[in-house]
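# No sequence on hand, only this structure:
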């Protein structure tokens, strides 16, 4: 018999009220109950980072975080952060460098990169590598991801914007 | 070094009459949705009435299955069915995975759910389906299987001993496949050689660790008696065929759909028992059933690969010529050969490829592929190549050391010269056209080799031990029917493309090869835009749907660009011809006077724009009444391509690794990695660079970190991503990539494959760099993964 608990939270700017089993992980709640497709499940033990989402402004592992822990919190996923434009420069830079292949790690990688840019705006290439070492990518070899993040850091340092990638006609 | 402007490709003749995308680093526009969290992977799909299956898997390496108690579990909330092997076998036939052209190969019948015995830890035995995954997992706890542990065959070394129990007594022994090759006069070559070097090479089992686990949804619609399977798979038509045969369905009754695939690397090109079980359950229950492996299941049930022990030796003369190679390869594949590609291919490739870049004339190889009670192994990125390359290049370095020759000079002297092609390699492989000499010259410049050697020598005086390692390689791509078709496997070597000019002038292209992140759809859009003559944002690519796309083999053996891409080119060129024919009919002018440029039909002589493609589409579809009697506006065409000129089109390349080894801790720091590769015509340098880099890092995983570790009783000791080490960003070096372009003459496009060479070369290059660093200690390590512990052991520190 399951004992459900009532919770309220804001997910991507929308108020959500739900009854959740205490054992339900936040990422399962977001994916299965709210039908958000952005946060992915790769390892279910906090090792890969594919389930990364933001809770009250801080990135967390959605597979290690219980949904009931987010009661009263502001939860943001790649979907909401895309819509708000918070990740726009990183997303363009990732496009330009092909800093993704299968895309399964991308939402987690982008959220981790965004926090790096906020917290370590002067990060070196080595520091970028270190920072994203909590996020696993099996496809790219990481080089292009590092390139993409470094480009955004450099552009911000110079006060420049990353131009959108458009198909040339 | 790898800027598009540096590419030699720009001097190649164009493929199309108005080429502007092929050869450019065009971003993959279809990837944007992946960066916005809007991909559709299998677990994102929810169907009405969908059940979720979990499996009770064998907890031990080998067991006899007794009574299965499901009474309590079946009373749990939400449970829809609990099915065992006997019940499943009533609708799903068993299979035996052998290939006719691998003489003498054998394997035992395998079932979707084990019957009587389970032969590896992780083999599915009982399926539990419930309305939610959590309910299925809750019920699984109450499934009680009586079982008795049986003796297990773990070590491949003792698998063939008469005292070792037989995994499948009816086969007579634990030998799956054996092959011997003896070319030239190997004994004499070794007897008369000035130097002989030998080593025993070990390769740990590893696995693909796709970030998205294996997963599928099977949906059987009883009204139309039709099965639809959403699958994270590389070869949709192959799976369609297998579902037909195993369940007695016709091709018209089976529809396989592959949407976004979260990593594949060969892991998702095989047919797994749980694939068939999920389909069987959907048919039994007449409702959709979803299976998504969790990470522990992935480690114990995704195919493993690369467990080999190879004794090898090399003979050379004082002048610095390699005379001969000899190898003995022992490899363990688990209890069954994997369906339908078979588990003998990896070892077979090792035999084909050892010594492959070099011009020696004496070669002997012996291969034994043995059964064991571990997870089945099969084709994983690079299939046999990383092993053959590490053995060859390890031996080449040992010979160079004995001759006191520089390893790069030694390679330059011994590779098959660039003007010698076409020719046959000593194992019988047919080589169309390669560029070893040019690649070696390029890498020497790229890495500034003399300066690096100087730096190494100076640092060594200070007690800093750095090493430089090379690996020259060949990789087979663009396979012909000689790979599987001749052996009886129903895996298409041809691929097709259908291309359609839509009424507004948009070009829709449907291709048999799908997208798993490599950028396949991106290069098809480039080819289509150039070949039809439209801008790339006027092209739509559709893949991964057996109801819609032309029949094809899908993604394996680096065939997407070379085979699928050629089909797209041929179809698009044919469409352009038809557009011109229709324009001729509309304008009442000879086709010879017309040409195509940027979505317009032109007067060839004056360049005057005569008709936009949108007008061609409008008349072709809506005003055919205005066309001459009997004229058919064929604005959709299909073309197929099979590479038949060679068994495979080989690519080549060279990699170099620069590492620092700490002799006190055994810790290896990767400082830099270089790769020069020749995949023929480079369609998109940025995508090829990323394929090469990603593949190199996967190879680095194999040589330094990754290993599926088993205990003595055959239990996997590291079935989680916290225990099984994969490369993360911090340990990986920057990787410089350069290209040499030697197009294949077997196609118009000239593209060879690029997906696997990185994985093939990296283990050899890193291994040789570590051993170069260890040279002052007069020791070497050839047992991969090369861990700190193994380095400290050869240094006799522990």
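Arrived safely, thanks for sending. Note that the structure is predicted; figures quoted are calculated from it, not measured. Residues are numbered from 1 along each chain as shown, chains lettered A, B, ... in the order given.

# Where does residue A:144 sit: helix, strand or coil?
Per DSSP: H, G, I helix; E, B strand; the rest coil, the local secondary structure of residue A:144 is helix.

# Just confirm it contacts residue A:95, I think it does.
No: using Cβ atoms under 8 Å, residue A:144 makes no contact with residue A:95, being 10.8 Å away. Backbone N, C-alpha and C define where each C-beta goes, glycine included.

# which of the two has more neighbours?
residue A:144 (25 against 22; other Cβ atoms under 10 Å in any protein chain shown).

# ok, that one - contacts?
Residue A:144 makes contacts with A:97-99, B:689-690, B:693, as judged by Cβ atoms under 8 Å, 6 or more residues apart in numbering or on different chains.

# does the residue sitting nearest the centre point of chain A sit in a helix, a strand or a coil?
In chain A, the centroid-proximal residue (Cα atoms, centre = their mean) is residue A:111; its distance is 3.0 Å. Taking three-state DSSP as the rule, one finds residue A:111 in the helix state.

# all strands in the stretch 651-798 of chain B, in order from the N-terminus.
Per DSSP state E, counting those that start in this stretch, the stretch 651-798 of chain B carries strands over the ranges B:668-678, B:735-739, B:783-784.

# Tell me which of those strands sits nearest to residue B:168.
Proximity to residue B:168, assessed across the strands of the stretch 651-798 of chain B by Cβ to Cβ, is greatest for strand B:783-784 (29.7 Å).

# That closest one - contacts with which helices or strands?
The helices and strands touching strand B:783-784, judged by 3 or more Cβ pairs under 8 Å, 6 or more residues apart in numbering or on different chains; DSSP states H and E, are strand B:195-203.

# which strands and helices sit next to the strand it packs on?
Helices and strands touching strand B:195-203, by 3+ Cβ pairs under 8 Å, 6+ apart, are strand B:308-316, helix B:385-403, strand B:783-784.

# most tightly surrounded among the ones you listed?
The highest average neighbour count among these, using mean count of other Cβ atoms under 10 Å in any protein chain shown, belongs to helix B:385-403 at a mean of 26.

# any idea of the angle the helix or strand just after that helix forms with helix B:385-403?
Once the chain leaves helix B:385-403, the next helix or strand it forms, by DSSP states H and E, is helix B:407-414. Calculated by axes from the mean of the first three to the mean of the last three Cα atoms, to 10 degrees, helix B:407-414 forms an angle of 100 degrees with helix B:385-403.

# Please enumerate residues in contact with helix B:407-414?
Contact with helix B:407-414 is made by B:320-322, B:357-360, B:396-397, B:399-401, B:403, B:405, B:436-437, B:440, B:444, B:449, B:468, B:470, B:472, B:654, B:768, B:772, as judged by Cβ under 8 Å, 6+ apart.

# same question, stretch B:538-547
For stretch B:538-547, with Cβ under 8 Å, 6+ apart as the criterion, the contacting residues are B:30, B:236-237, B:240, B:254-259, B:505-515, B:520-521, B:524-525, B:528-529, B:532, B:548-549, B:599.

# Among those residues, which ones are in strands?
Of the contacts of stretch B:538-547, the ones assigned to strands by DSSP state E are B:254-257, B:507-511.

# my guess is residue B:703 meets residue B:785, correct?
Yes: with contact defined as Cβ under 8 Å, residue B:703 reaches residue B:785; the gap is 6.2 Å.

# more neighbours, these two?
residue B:703 (24 against 21).

# What separation do you get for that one and residue B:619?
Separation of residue B:703 from residue B:619 (Cβ to Cβ, to the nearest Å) stands at 61 Å.

# Same check on residue B:550?
For residue B:550, the distance to residue B:619 - Cβ to Cβ - is 27 Å.

# With residue B:75 instead?
Counting by Cβ to Cβ, the gap from residue B:75 to residue B:619 is 68 Å.

# Kindly present the helices and strands packed on strand B:195-203 as JSON lines, with separate columns for mean pLDDT.
Shown next, in JSON lines, are these (pLDDT from 0 to 100):
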{"stretch": "strand B:308-316", "mean pLDDT": "98"}
{"stretch": "helix B:385-403", "mean pLDDT": "98"}
{"stretch": "strand B:783-784", "mean pLDDT": "98"}
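
# Need the ones you listed in TSV (columns: distance to residue B:625).
Output for the helices and strands packed on strand B:195-203, formatted as TSV (distance: least, Cβ to Cβ, whole Å):
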stretch	distance to residue B:625
strand B:308-316	68
helix B:385-403	59
strand B:783-784	70
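
# nearest to residue B:594, of these?
Minimum separation from residue B:594 across the helices and strands packed on strand B:195-203 (Cβ to Cβ) falls at helix B:385-403, 47.7 Å.

# Any part of that closest one near chain A?
No: Helix B:385-403 lies out of reach of chain A by Cβ under 8 Å from any Cβ of the partner chain, never closer than 15.3 Å.

# can you give me how far that helix is from the chain middle?
24 Å (Cα atoms, centre = their mean, to the nearest Å).

# now for that helix, which elements pack on it?
Checking 3+ Cβ pairs under 8 Å, 6+ apart, helix B:385-403 ends up next to strand B:195-203, strand B:308-316, strand B:322-332, helix B:345-353, helix B:407-414, strand B:465-477, helix B:757-773.

# Identify, from the contacts of residue A:144, the entry nearest to residue B:331.
When these are ranked by distance to residue B:331 (Cβ to Cβ), residue B:693 comes first, at 28.2 Å.

# per-residue confidence for the residue lying closest to that closest one once chain neighbours are set aside?
Among residues not flanking residue B:693 along the chain, residue A:141 sits closest, at 3.5 Å (Cβ to Cβ, 6 or more residues apart in numbering or on different chains). Note on residue A:141: pLDDT of 97.

# Verify the contact between residue A:141 and residue B:691 for me.
No: Residue A:141 is not in contact with residue B:691 according to Cβ under 8 Å; the separation is 9.2 Å.

# Let me know the pLDDT of residue 42.
Answering for chain A, as no chain was given. In this prediction, residue A:42 carries a pLDDT score of 96.

# think we crossed wires, I meant chain B
Residue B:42 carries a pLDDT value of 98.

# and what of residue B:515?
Note for residue B:515: predicted pLDDT of 96.

# ok, whatever residue of the stretch 451-600 of chain B ends up closest to chain A - how many residues close by?
Closest contact between the stretch 451-600 of chain B and chain A, by Cβ to the nearest Cβ, is at residue B:517 (3.2 Å). Residues near residue B:517, counting by other Cβ under 10 Å, number 30.

# what do you get for the one 4 residues further on?
The criterion is other Cβ under 10 Å. On that basis, residue B:521 has 24 neighbouring residues.

# where does it land on pLDDT?
Reported pLDDT for residue B:521: 97.

# Check the one 3 residues further on too.
At residue B:524 the predicted local confidence, pLDDT, stands at 98.

# now swap in residue B:484 and tell me
pLDDT for residue B:484: 89.
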